[in-house]
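Colleague: predicted model follows, preceded by the sequence.
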Amino acid sequence: MIRLEHVSKAYKTSTRPALDDVSVNVDKGEFVFLIGPSGSGKSTFLRLLLREELPSKGSIHVDTWNLTKLPRRRVPKLRQRIGCVFQDFRLLVNKTVAENVAFALEVIGKPPNTVRKVVPEVLQLVGLDGKADRMPNELSGGEQQRVAIARAFVNRPLVLLADEPTGNLDPDTSQDIMLLLERINRTGTTVLMATHDHSIVDSMRRRVVELQLGKVVRDDSRGVYGVGR
Ligand SMILES: Nc1ncnc2c1ncn2[C@@H]1O[C@H](COP(=O)(O)OP(=O)(O)OP(=O)(O)O)[C@@H](O)[C@H]1O
């Protein structure tokens with residue numbers, strides 16, 4: 001599903017590469033934690049998969065797309081199949097919960113009757129039925145993240161990328177969000193999550209890919225956060 005082969009990324013303004021000869025394969029349906037200290041290259045890894053950046057060396061495949069050869073005009077099609085969730089939720093503040101989720105379908109041209117049918121279904125899936133007409137600022141952080149997950153998932157993406165999705169949440173709420181991501185993963189969606197959260201990684205026992213200074217230093221199939229530390 002995701003294949004990075006000898007990928008390096010050097011930003012123009014940076015002296016050392018953000019990623020340095022990284023090769024990683026992720027199969028369809030896997031759940032992978034991307035861990036490592038600040039600046040180790042986790043966000044760069046995710047940005048490359050979205051084609052927000054191109055690698056300086058190496059090749060990247062996502063599903064049938066060869067990202068290094070993908071023409072710019074095809075990038076929107078790729079991004080339609082990749083859902084994204086961030087630490088700071090990134091909801092549209094002037095739209096209701098339902099409108100935030102509907103917007104993700106409207107921008108890719110889904111007809112109104114599909115939107116009317118699918119939005120309540122996905123809000124139920126994430127545990128937000130009854131909150132469809134609330135504004136984002138009327139929700140808790142955990143609820144806002146559920147909206148963001150609903151929006152990322154409503155189009156049934158192949159891959160869900162999550163960059164520190166629990167970074168602004170307390171431990172109990174974080175656990176709830178992880179249960180939701182697990183549920184989404186069980187539907188067959190590949191999940192790749194960058195995190196600093198030791199307790200989540202340790203409790204889930206999923207694949208752990210650890211980066212340090214842009215290199216993969218560990219890839220464990222049922223890993224914990226702090227091996228050998
Ligand atoms: N747009 C950019 N321009 C120049 N350098 C960048 C850019 N984005 C990231 N970097 C550098 O690349 C390296 C990796 O950064 P990246 O954001 O990928 O790390 P990270 O592991 O996600 O860190 P954090 O956990 O703090 O989010 C860092 O040295 C950073 O300063």
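Modeller: Happy to help now that I have it. Since this is a predicted model, take the numbers as computed values, not measurements.
Colleague: so which helix or strand takes in residue 100?
Modeller: Element membership for residue 100, per DSSP states H and E: helix 97-106.
Colleague: what helices or strands is that helix leaning on?
Modeller: Here helix 97-106 is seen to pack against helix 112-125, helix 141-153 when contacts are counted using 3 or more CB pairs under 8 Å, 6 or more residues apart in numbering; DSSP states H and E. To be clear about C-beta, it is placed using only N, CA and C from the backbone, and glycine gets the same treatment.
Colleague: so the longest one versus helix 97-106, what angle?
Modeller: This points to helix 112-125. 130 degrees (axes from the mean of the first three to the mean of the last three CA atoms, to 10 degrees).
Colleague: contacting residues around helix 112-125?
Modeller: With contacts defined as CB atoms under 8 Å, 6 or more residues apart in numbering, helix 112-125 is touched by 97-98, 101-102, 105-106, 110, 129, 131-132, 150, 153-154, 183.
Colleague: close to the ligand: what parts of the chain are there?
Modeller: Taking CB under 6 Å from any ligand atom as the test, the list of the chain residues beside the ligand reads 11, 13-14, 18, 36, 38-44.
Colleague: where's residue 172 relative to the ligand, distance?
Modeller: As judged by CB to the nearest ligand atom, to the nearest Å, residue 172 and the ligand stand 23 Å apart.
Colleague: quick revisit: show the average pLDDT along the helix holding residue 100.
Modeller: For helix 97-106, mean pLDDT rounds to 96.
Colleague: what's next to it, contact-wise?
Modeller: Here helix 97-106 has contacts from 91-92, 95, 114-115, 118-120, 122-123, 128, 131-136, 139, 147, 150-152, 154-155, using CB under 8 Å, 6+ apart.
Colleague: residues of it that come out buried?
Modeller: By 16 or more other CB atoms under 10 Å, the buried positions in helix 97-106 come out as 97-105.
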